[in-house]
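Undergrad: my questions are about this predicted structure, shown below with the sequence.
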Amino acid sequence: MSLNLDYILFVFIASLGVLQLAASLRGFSRLMLFRTKPLSYTFAAVCLLGSFGWFFGWDDRLDEKIMMTGLEGGQQFFYFALSFFLALVSTLLLSSLRWRRLPPEDKDEEGLKVLSGKTYLQAMRGKYGKRR
């Protein structure tokens with residue numbers, strides 16, 4: 001694979017781990033991909049440690065590819081933003097699919113706290129759905 005694709009995959013997987021860790025720590029249960037916090041913590045650790053280990057430790061990438069041909073600042077920013085955006089969209093869609101059968105909890109919460117009782121798609125449907 002090319003360095004660009006490697007970097008995109010590295011940031012995507014690491015971002016999935018960070019998002020799951022944050023959702024677990026903050027109690028956003030409908031944003032979590034797994035039912036229990038310990039399983040979410042394990043998934044986050046595997047994603048983070050695995051992606052860093054694979055990207056920096058595999059195939060002598062640091063010496064051979066990054067130091068010699070590295071990504072320029074603009075490229076790195078673009079690939080990072082793209083990868084994080086894809087990880088965020090994937091997390092929102094996968095968690096919404098995962099918890100779609102649970103009824104939304106009617107809480108008067110705003111902002112991200114709404115994700116402790118509703119999936120992202122349920123929250124969007126409630127906010128922007130048909131008004132009577």
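TA: That came through, no problem. Numbering: from 1, shown residues only.
Undergrad: contacts and neighbour counts: CA atoms only from here.
TA: Noted.
Undergrad: pLDDT weak spots in the chain?
TA: Across the chain, residues meeting the criterion (pLDDT under 70) sit at 1, 60-71, 108, 130-132.
Undergrad: at 50 what do you get?
TA: Within the chain, the ranges that satisfy pLDDT under 50 run 132.
Undergrad: just checking, what's the longest helix in it?
TA: When the chain is parsed with DSSP state H, its longest helix is helix 73-98.
Undergrad: ok, and for that one, which residues are buried?
TA: 79-80, 83-84, 86-88, 91-92, 94-96, 98 (16 or more other CA atoms under 10 Å).
Undergrad: now it, how far from the chain's geometric center?
TA: In terms of CA atoms, centre = their mean, to the nearest Å, the gap separating the centre of helix 73-98 from the centre of its chain is 7 Å.
Undergrad: between helix 73-98 and the next helix or strand along the chain from it, find me the angle.
TA: Next helix or strand after helix 73-98 toward the C-terminus (DSSP states H and E): helix 120-128. Interaxial angle, helix 120-128 versus helix 73-98 (axes from the mean of the first three to the mean of the last three CA atoms, to 10 degrees): 90 degrees.
Undergrad: other SSEs contacting helix 120-128?
TA: helix 73-98 (3 or more CA pairs under 8 Å, 6 or more residues apart in numbering; DSSP states H and E).
Undergrad: residue closest to the middle of this structure?
TA: Centroid-nearest residue in the chain: residue 16, 3.0 Å away (criterion: CA atoms, centre = their mean).
Undergrad: quickly note the distance from that residue to residue 22.
TA: Residue 16 sits 10 Å away from residue 22, taking CA to CA, to the nearest Å as the criterion.
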